[in-house]
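[1] The following block contains a protein sequence and its predicted model.
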Amino acid sequence: MDSICTWGHMGGFWCNQPVRVALAVGGGAALVCAVVGLSTVMRRQAFAGHALADVSGAGGSASYLLGINPLFGFLGMAAAAAGVMEWAQVREARERDLLTGVVLGAGLGLAALLLYLDMTVRNVSGAAITVLFGSMFTIPPSIVPVALIVAAAALGASALIFRPLLVSTLSIDLARAQGARVRTIARIHAMALALAVSLAAMTVGAILSTALLIGPAAAALQVARRPASALALAVLIGLAATWGGIALAYQSYYWTPGRGWPVSFFIVMLIVCAYLLASAVARRRSGSSATAPLSGCQEH
Amino acid sequence: MNAGEAAVALDRVAVTLGERPVLREVSFRLEAEQFCALIGTNGSGKTTLLRAILGFIPVQAGRIDLPAGAIGYVPQKITLDPGLPLRARDVIALGLDGARFGTRLPSKARAVRVQEMLRAVGAEEFAEQRVGTLSGGQQQRVLLAHALVRRPKLLLLDEPLANLDVGSTAEIVALLRRLSHEFGAAVLLSAHDMNPLLPVVDRIVYLANGCAVSGKADEVVRTEVLSRLYGYHVDVLRVHGRVVVIAAGARTESRDALERDPVHTITVP
């Protein structure tokens, strides 16, 4: 292991403690977000995912005031918001979006107050940037075990509901007729979503966590034909973007001495690139099938 | 299930949605392998009746007797997203154990069962395509296979012929009749347009005014029977080998429904 530390810039990368923590927590967040994000996009709940992520920011802000682990803050607020949105039992899409909007507004308002109090009462000047846009190289190592437990819980919940969730994505009635417990499944999914956005908020910040949740899944869904391949591709994109973003941010210290660029920026940009690439592949595929000669329609 | 055994039996079933009584004293019985069409105007309670049989909504009175085991169901108006990464094959496989928690390992027996269903509904050709990109008729075949893969003794279909062209409608009806025999399943199918169904149905359940009459087509689609059911006079006319039901009596709630949907054209088998 020590020999890796002598490999120039990248040697320092592998042996740097904050980088290792960022790779572990970021990797876990990317994995969970890819898995949970896929079902979220398929269920057309991207707005709910975005809202939960933003609302979790209020919890992150509160953690600075209370002096607790920020992950617990993000998680507590996201879980509470998911509970309100899910227990309201709104099935109609328009009503669901309205309720999500109301919860989002309330959460952001609360976050604004708590961030103000962080700065004025606790004198934590960097809280706003950390909560909203993330600061992966400042994540304390003590968070790693908690983050891994949260990640394992989210992945376990997702594996548990994988099949009935797919059927209820096709049609709620179809799932009910088969005997699926659709309310229970929706609640478990909402809690898995809360866990995923909390981890994402810890890494890329509450505002940008939507990118980690939705981006890899949306890119994978453009090209994959099977649930398993969509899942694998989303995980691959999420991990590549997160670890690639961490590596680029680390390298940016050498491009702009003393002023490294934010990890979140690189992660989000890599996700956007992956999405554009997947769109191009999907367009090329549909274009080539559209221009294929039609047998039986040719003149003889 | 033996022939003559009830696949579903309703005894004076009443269902109220909110304050509105939708079904009142609906009774009929469907035997194994029988093919039954559920007819009625828009808003007559066809979907409510199917949902009550499925247990989605409670009944206020009466009882519904069902066979043990699975019930196959094809719901009304499913919009399958073309972006869903589910092939026709995957949707049918989900019919086997899609309600169960947890993941599963690939199994040869399972793959064989799915392949059999693909063949049975004539979907092998598009088995690998995303289900959301298939035509309406192809999607109905896949949903039918999804409903039948557990070999249910009762198959409920809610307006499966809606939005299909004439050719696809005829294909699906013929397929349903064949599969009903092959799988030994009783079929209860709600439909707005009865024309393509009457040549193959064993029975009709006609819903109006919250009540139902059931029997063979030529027993049910008669002026005196339907007039009694609607609560006012309706004419049942035979025109060029087709039966046409026309509203004629006093204005009532069911009359309004019939006027929104003024003419049922029914071909006598």
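    Looks like it arrived, so ask away.

[2] Doesn't B:Ser214 belong to a strand?
    Yes: residue state for B:Ser214 (DSSP: H, G, I helix; E, B strand; the rest coil) corresponds to a strand.

[3] Settle this for me: it is touching B:Val26, isn't it.
    No: applying CB atoms under 8 Å as the test, B:Ser214 and B:Val26 come out as separate, 9.2 Å apart. Heads up, the C-betas are built off the backbone N, CA and C, glycines and all.

[4] quick one: the residue nearest the centre of chain A and B:Leu189, what's the gap?
    Nearest to the geometric centre of chain A sits A:Leu213, at 2.7 Å (CA atoms, centre = their mean). Using CB to CB, to the nearest Å, A:Leu213 is found at 42 Å from B:Leu189.

[5] Going along the chain, name the helices of the stretch 1-150 of chain B.
    Along the stretch 1-150 of chain B, the stretches classed as helices by DSSP state H, counting those that start in this stretch are B:46-54, B:88-97, B:108-120, B:136-148.

[6] Including mean pLDDT, could those go into JSON lines?
    Listed next are those as JSON lines, based on pLDDT from 0 to 100:
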{"stretch": "helix B:46-54", "mean pLDDT": "94"}
{"stretch": "helix B:88-97", "mean pLDDT": "93"}
{"stretch": "helix B:108-120", "mean pLDDT": "91"}
{"stretch": "helix B:136-148", "mean pLDDT": "91"}
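
[7] Provide a list of residues in contact with the residue in the stretch 151-269 of chain B positioned nearest to chain A.
    Residue of the stretch 151-269 of chain B nearest chain A, by CB to the nearest CB: B:Leu156 (8.0 Å). By CB atoms under 8 Å, 6 or more residues apart in numbering or on different chains, B:Leu156 lies in contact with A:177, B:50, B:53-54, B:71-74, B:188-189.

[8] Save those residues as TSV, and put in neighbour count and distance to A:Thr256 too.
    Output for the contacts of B:Leu156, formatted as TSV (neighbours: other CB atoms under 10 Å in any protein chain shown; distance: CB to CB, whole Å):
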residue	neighbour count	distance to A:Thr256
A:Ala177	25	60
B:Leu50	25	66
B:Ile53	21	69
B:Leu54	19	64
B:Ile71	23	66
B:Gly72	26	64
B:Tyr73	25	61
B:Val74	24	61
B:Leu188	25	71
B:Leu189	25	69
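
[9] Among the residues you listed, which ones are in strands?
    For these, the ones inside strands are B:71-74, B:188-189, with DSSP state E as the criterion.

[10] Once you drop chain neighbours, what's closest to A:Leu148?
    In this structure, A:Leu148 finds its nearest non-sequential neighbour in A:Gly28, 5.9 Å apart by CB to CB, 6 or more residues apart in numbering or on different chains.

[11] Three-state assignment for the one you found, please.
    Here A:Gly28 is recorded as helix under three-state DSSP.

[12] I'd like the distance from it to A:Ala200, if you could.
    Computed with CB to CB, the distance linking A:Gly28 and A:Ala200 is 10 Å.

[13] So between those two, which is more surrounded?
    With neighbours defined as other CB atoms under 10 Å in any protein chain shown, A:Gly28 and A:Ala200 compare such that A:Ala200 has more, 34 against 24.

[14] ok, the closest residue to A:Gln178 other than its chain neighbours - contacts?
    Counting by CB to CB, 6+ apart, A:Gln178 lies nearest to B:Ala99, which is 4.1 Å off, once chain neighbours are set aside. Contacts for B:Ala99 (CB under 8 Å, 6+ apart) come out as A:163-164, A:167, A:175, A:178-180.

[15] got these as JSON lines, with secondary structure columns?
    Formatted as JSON lines, the contacts of B:Ala99 follow (three-state DSSP):
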{"residue": "A:Arg163", "secondary structure": "helix"}
{"residue": "A:Pro164", "secondary structure": "helix"}
{"residue": "A:Val167", "secondary structure": "helix"}
{"residue": "A:Ala175", "secondary structure": "helix"}
{"residue": "A:Gln178", "secondary structure": "coil"}
{"residue": "A:Gly179", "secondary structure": "coil"}
{"residue": "A:Ala180", "secondary structure": "coil"}
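
[16] Among those, name the buried ones.
    The neighbour-count test (16 or more other CB atoms under 10 Å in any protein chain shown) applied to the contacts of B:Ala99 identifies A:163-164, A:167, A:175, A:178, A:180 as buried.

[17] What's the end-to-end length of stretch A:57-77?
    Start to finish, the residues bounding stretch A:57-77 are 8 Å apart (CA to CA, to the nearest Å).

[18] same thing with stretch B:99-118?
    Terminal-residue distance, stretch B:99-118 (CA to CA): 20 Å.

[19] what about A:Ala81, distance to chain B?
    A:Ala81 is 25 Å from chain B, where distance means CB to the nearest CB, to the nearest Å.

[20] buried residues in whichever strand or helix holds that residue?
    A:Ala81 belongs to helix A:70-87 when assigned by DSSP states H and E. Residues A:70-82, A:84-86 are the ones in helix A:70-87 that count as buried (16+ other CB under 10 Å).

[21] ok, B:Asp97 touching B:Arg104?
    Yes: taking CB under 8 Å as the definition, B:Asp97 is a contact partner of B:Arg104 at 6.6 Å.

[22] Now for those two: what residues contact both?
    Residues touching both B:Asp97 and B:Arg104 (CB under 8 Å, 6+ apart): A:Arg163.

[23] Quick check on those two: which one has the bigger neighbour count.
    Comparing B:Asp97 with B:Arg104 by other CB under 10 Å, the one with more neighbours is B:Asp97, at 16 against 12.

[24] for the more buried one, what are its contacts?
    A:163, B:104.
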